[in-house]
Structure formats: C-alpha cells, structure tokens
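>>> Predicted model follows, preceded by the sequence.
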Amino acid sequence: MTDSVAELRKIPPVTRFLTLSLVGTTVPYLLNLISPYTLLYHPSAVFGKLQIWRLYTSFFFGSTPYPSLLCHD
C-alpha cells in the first residue's frame, strides 16, 4: 500500500489532479451509479438550483459525446 502511495506522489501535482478528476467523474457514470445528466453543465441547474458541482464535473466528464446532452435546453 505504501508503495502505491509513493508511486502516486511521484506524479506531478497538476497531472495527478487532472487524472484523478477525470477518473473520479467518469467511472461512477460507466458503472451506472449516476446519470450523466447530473454531471453536465446546465445554467438553470447551476444558478437556479445552486448545483455548483456541475461547473467542475462537466469539465472532467470523459464519456462519449452525446449530441442530445450537449444541446440540452
């Protein structure tokens, strides 16, 4: 366990943050734990319902692009 933590600490901080953010937002979707609609940016959800996490998760969501999700009202 300490070896894997040591290996993770060797990765540059920015790369580690970007990689873990991408994996952390995509894997729950791929395992069908969450809906992609809860991750994507939608202005009325962010500013109307104060779902601030959408600003972060929409940037790191790494699934295949769905035109219906990108052009949502």
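Nice, thanks for sending it over.

>>> Leu20 in helix, strand or coil?
Following DSSP: H, G, I helix; E, B strand; the rest coil, the label given to Leu20 is helix.

>>> Quick check: phi and psi at Pro12.
Main-chain dihedrals, Pro12, degrees, to the nearest 10: phi -60, psi 140.

>>> I'd like to know how far it sits from Leu39.
Note on Pro12: its distance to Leu39, by Cβ to Cβ, to the nearest Å, is 26 Å. Any C-beta I mention is one placed from the backbone N, CA and C, and that applies to glycine too.

>>> of the two, who's got more company?
Leu39 (21 against 8; other Cβ atoms under 10 Å).

>>> ok, the more buried one - contacts?
The contact partners of Leu39, by Cβ atoms under 8 Å, 6 or more residues apart in numbering, come to 25, 29, 54, 57-58, 61.

>>> and of these, the nearest to Phe17?
Closest approach to Phe17 among the contacts of Leu39 (Cβ to Cβ): Thr25, at 12.4 Å.

>>> Next one: that closest one from Asp3, what distance?
Taking Cβ to Cβ as the measure, Thr25 falls 27 Å from Asp3.

>>> so who does Ile34 touch?
Counted by Cβ under 8 Å, 6+ apart, Ile34 has contacts Pro28.

>>> Regarding it, what is its secondary structure?
Classified using three-state DSSP, Ile34 is coil.

>>> Then Leu50?
Look at Leu50: counting by three-state DSSP, its state is coil.

>>> That one - how many residues pack around it?
9.

>>> now the one 10 residues further on
Each residue near Phe60 was counted by other Cβ under 10 Å, and the total is 17.

>>> so it makes contact with Thr25?
Yes: in this structure Phe60 lies within contact range of Thr25 using Cβ atoms under 8 Å: 4.5 Å.

>>> circling back to that earlier point, neighbour-wise, which of Thr25 and Asp3 wins?
Just comparing Thr25 and Asp3: by other Cβ under 10 Å the higher neighbour count belongs to Thr25, 21 against 7.

>>> any idea of the mean pLDDT in the helix or strand hosting that one?
Using DSSP states H and E, Thr25 maps to helix 13-30. For helix 13-30, mean pLDDT is 86.
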